[in-house]
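[1] the sequence and its predicted three-dimensional model are supplied below.
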Amino acid sequence: MLEEFKNGVKNLSPAYFAIVMATGIISTGSFLMDMNRIANFLFVLNNIFYIIMWALTILRLVWYSKSLIKDLTDHMSGTGFFTIVAGTCVLGIQYIIMFEFFEIALALLILGIFLWLFLTYAVFTTLTIKQDKPTLDKGITGGWLTAIVATQSVSILSALIASHIKQPYRIEVNFFALSMWLWGGMFYIWMISLIFYRYTFFKFSPGDLAPPYWINMGAMAISTLAGSLLIINAPDAPLLESLLPFLKGFTVFYWATGTWWIPMLIILAIWRHIYKRYPLKYDSLYWGAVFPQGMYAVCTFRMSEALEIPFLHYFYNAFIYIALIAWALTFSGLIRHFLAEFAKVKLKINAMKNQV
């Protein structure tokens, strides 16, 4: 049984922290929309997920450091590590929005910034200088956009921290949040150009359309949320106040782009699973598809508040339920997956006992 566990640790996907991202943002959305019991339940669960994921990641680093480094320097899996940054900051967002635990949120922000700095320069430096590189169609996926999600999650938590501290630090932290928001937007323009080029000019099979492609929309949704919080913070930061027309315009721009992706991704999912009959079974990568739906609900809620657009309630009221259903289906898939794995181990143990 220990051998099976160690094998699972060795093959742990770097993107598994997406379970923390998805659970955290849906918990936050439920809290904002007055579903407090669901929000609190998911908050408790998310703390457990976060601890488990860190424990498994540290075990992988200790037992299988070569395997972890190989993933870190791989074009397809390296950017998955950015889910650690996003998961850390999303948990911090929960702490400060739901309970106003400023100190814990600040500690998670500092950790998130440290991880973001390390991963940004470690992953992209290695991908740049390595000699053997894949072609574009074999080396890029929607998962690359997790780097943008991580950047914007740092911006959001910084903006929330800024609204809880006194001057003059409030101005400095807001400037940092603004800088991260702008860099995240530039990063999206670079990456989505490559991804869209890969979509439309290279052969595309159902297997290529992995769940992280939903991050195409999720990266825009989290950019919208960051922009909305900067608009809300503007009265306390002269720089943000002077940039208000720009902030408002780009926030709506991000929201409109994210909204455009939703029908496109649904059509592609129908093509993959219904027309091409690609099997629909549990994969840890599906958490990367759940997160954007929860983030879309939360970003629309905050944007309607920041820009005073009340009719947008149709969107966030619908998407919070869609996100909850998607979370429940994926979580039940996770439970079934573990039960099936446990049954396999039990069969092996019984077979060994019979041989003895």
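    Sure, I can see it.

[2] is it true that L136 touches F196?
    No. L136 is not in contact with F196 according to Cβ atoms under 8 Å; the separation is 11.5 Å. The way it works is simple: take the backbone N, C-alpha and C, and place the C-beta from them, glycine included.

[3] and those two? Which one has more around it.
    Between L136 and F196, counted using other Cβ atoms under 10 Å, the more crowded position is L136 (14 against 11).

[4] what about the closest residue to the more buried one other than its chain neighbours, neighbour count?
    Excluding its sequence neighbours, the residue lying closest to L136 (Cβ to Cβ, 6 or more residues apart in numbering) is R198, at 5.6 Å. Neighbourhood size, R198 [other Cβ under 10 Å]: 19.

[5] same check on S27?
    S27, neighbours per other Cβ under 10 Å, totals 28.

[6] that one touches F49, doesn't it?
    No. Assessed by Cβ under 8 Å, S27 is found out of contact with F49, at 10.9 Å.

[7] how about the contacts made by K133?
    Residues in contact with K133 (Cβ atoms under 8 Å, 6 or more residues apart in numbering) are H75, L127, G139.

[8] neighbour-wise, which one of those residues leads?
    Neighbour-wise, these (other Cβ under 10 Å) top out at H75, 19 neighbours.

[9] looking at that residue now. What's its pLDDT?
    As predicted, H75 sits at a pLDDT of 90.

[10] sorry, back to before: wait, the residue nearest to L136 sits on K138?
    No. Counting by Cβ under 8 Å, R198 does not reach K138; the two are 9.6 Å apart.

[11] so what sits against both of the two?
    Common contacts of R198 and K138 (Cβ under 8 Å, 6+ apart): none found.

[12] mean confidence score for the lengthiest helix in the chain?
    Counting residues, the longest helix found in the chain (DSSP state H) is helix 313-355. For helix 313-355, the mean per-residue pLDDT is 88.

[13] packing partners of that helix?
    helix 2-10, helix 18-32, helix 287-306 (3 or more Cβ pairs under 8 Å, 6 or more residues apart in numbering; DSSP states H and E).

[14] those: lowest mean pLDDT?
    Mean pLDDT across those is lowest at helix 2-10; the value there is a mean of 83.

[15] how far off centre is that one?
    Taking Cα atoms, centre = their mean, to the nearest Å, one finds helix 2-10 lying 26 Å from the centre of the chain it belongs to.

[16] cool, stretch 146-158 as well?
    Centre to centre, stretch against its chain (Cα atoms, centre = their mean), the figure for stretch 146-158 is 9 Å.

[17] next: stretch 2-11.
    25 Å.

[18] list the contacts of that stretch.
    In this structure, residues lying in contact with stretch 2-11 by Cβ under 8 Å, 6+ apart are L56, L59, R60, W63, Y64, S67, E341, V345, K348.

[19] just the angle between the longest helix of the chain and helix 2-10, please?
    Relative orientation of helix 313-355 versus helix 2-10 (axes from the mean of the first three to the mean of the last three Cα atoms, to 10 degrees): 150 degrees.

[20] quick check: angle from helix 313-355 to helix 18-32?
    Using the same axes, to 10 degrees: helix 313-355 against helix 18-32 is 140 degrees.

[21] any weak-confidence spans in the protein?
    356 (pLDDT under 70).

[22] helices along the chain, start to end?
    With DSSP H as the criterion, the chain has helices spanning 2-10, 18-32, 36-63, 65-72, 82-98, 102-129, 136-139, 146-162, 169-201, 215-233, 238-242, 244-270, 287-306, 313-355.

[23] one step back: let me have the contacts of stretch 2-11 in a markdown table, extended by neighbour count.
    Converted to a markdown table, those look like this (neighbours: other Cβ atoms under 10 Å):
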| residue | neighbour count |
| --- | --- |
| L56 | 15 |
| L59 | 15 |
| R60 | 20 |
| W63 | 12 |
| Y64 | 18 |
| S67 | 15 |
| E341 | 12 |
| V345 | 13 |
| K348 | 13 |
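
[24] next, format those residues as JSON lines and append distance to E308.
    Shown next, in JSON lines, are the contacts of stretch 2-11 (distance: Cβ to Cβ, whole Å):
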{"residue": "L56", "distance to E308": "44"}
{"residue": "L59", "distance to E308": "49"}
{"residue": "R60", "distance to E308": "47"}
{"residue": "W63", "distance to E308": "53"}
{"residue": "Y64", "distance to E308": "52"}
{"residue": "S67", "distance to E308": "51"}
{"residue": "E341", "distance to E308": "50"}
{"residue": "V345", "distance to E308": "56"}
{"residue": "K348", "distance to E308": "61"}
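
[25] what count of nearby residues applies to the closest residue to A15 other than its chain neighbours?
    Nearest non-adjacent residue to A15, counting by Cβ to Cβ, 6+ apart: G80, 3.4 Å away. A count of nearby residues for G80, using other Cβ under 10 Å, gives 26.

[26] use 31 as the first number for this chain going forward.
    Yep, numbering from 31; the last one is G110 now.

[27] cheers, nothing more for now.
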